[in-house]
Structure formats: C-alpha cells, structure tokens
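Engineer: Pasted the sequence and its predicted model underneath.
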Amino acid sequence: MLVAAGLVVTALAVLLHVYIFTMESFTWTSERTRARFGLTAEEAETTKLLAFNQGFYNLFLAIIAGLGIPAVAMADTAVGVALIFAGLGSMVAAAAVLLLSAPDKARAALIQGTVPLIGIVLLALGLPRHH
C-alpha cells in the first residue's frame, strides 16, 4: 500500500516538475509566469536563457523519476526504485539549494521539494526489508 502511494506521489512530483519546466522554458516572459516568480519584464528577458536551461534540468529529473514508475509497477523494483530515488532525491536537493541560497524563495523551495520528499519516504517505508 505504501509503495502504491509512493508511486502516486512520485507521479505528482513528475507532473509538478514538468509544469516548472514549461514555465521556465516556454512561458518565462509571460505576465502570469513573471508574477509567479516575482519578476519584472526586464528581469525575465535578461534571465530568459538561464531559465530555459534550468527548465530542462527540471524536465530531466521528471523523466528519470517517471521512468521508475512503470519499472516498479512491472516488478523491476530495484531499477525502478533506483530511478525514482535518483530523480526525487535530486528534486529535494535542488529545493534545499534554493532554500539555502535564497531564503526569500522558501515557499517555492517547499513546493518544489515537499512532494518528492513525501514520495521518497513512502517508497522507503513500503519497500520490503532484506536482512
């Protein structure tokens, strides 16, 4: 049951990071995205290339974690969990870097890191123990 819940939460983290990818890589200079990130039009234009690249990092983390979901579902648990932990762990680490480097972005860091952290905890608790 915990593994299934962990897979659902992993899927939510994947979707969240695909959404972040879309904002950073495609809608960065739009009024809505600028408002979400607290940017002026000039700041968004100046940082557009950096955001574009950063968006792809978020997409790649989503892909890594996302590939683990069907692997676990098809009983290739070791490979699937390794992919999920690599993807979600990197998401959590990126959120920690954001929080430590820009405390004023704590809300964004918590949004970015809480869902993946919950997924890691659920999967870790749900995995069978081998002694």
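Structural biologist: Good, I have the coordinates.

Engineer: So residue 40 sits against residue 46, correct?
Structural biologist: No: applying Cβ atoms under 8 Å, one finds residue 40 not in contact with residue 46, separated by 9.3 Å. Heads up, the C-betas are built off the backbone N, CA and C, glycines and all.

Engineer: These two: who's more crowded?
Structural biologist: Neighbour comparison, residue 40 and residue 46: the larger count goes to residue 46, with 12 against 9 (by other Cβ atoms under 10 Å).

Engineer: State the distance from the more buried one to residue 57.
Structural biologist: In this structure, residue 46 and residue 57 are 19 Å apart, going by Cβ to Cβ, to the nearest Å.

Engineer: Repeat that for residue 14.
Structural biologist: Counting by Cβ to Cβ, the gap from residue 14 to residue 57 is 14 Å.

Engineer: So which of those two has more stuff around it?
Structural biologist: A side-by-side neighbour count of residue 14 and residue 57, using other Cβ under 10 Å, places residue 14 first with 27 against 16.

Engineer: Can you name the residues that contact that one?
Structural biologist: The contact partners of residue 14, taken as Cβ atoms under 8 Å, 6 or more residues apart in numbering, are 62, 65, 66, 69, 87.

Engineer: The same query, at a cut-off of 7 Å, please.
Structural biologist: Residues in contact with residue 14, defined by Cβ atoms under 7 Å, 6 or more residues apart in numbering, are 62, 65, 66.

Engineer: same thing with residue 53?
Structural biologist: For residue 53, no contacting residues are found, by Cβ under 7 Å, 6+ apart.

Engineer: Could you say which helix or strand holds it?
Structural biologist: Following DSSP states H and E, the helix or strand that holds residue 53 is helix 48-73.

Engineer: before we move on, what about residue 4?
Structural biologist: helix 2-25.

Engineer: Appreciated, that's everything.
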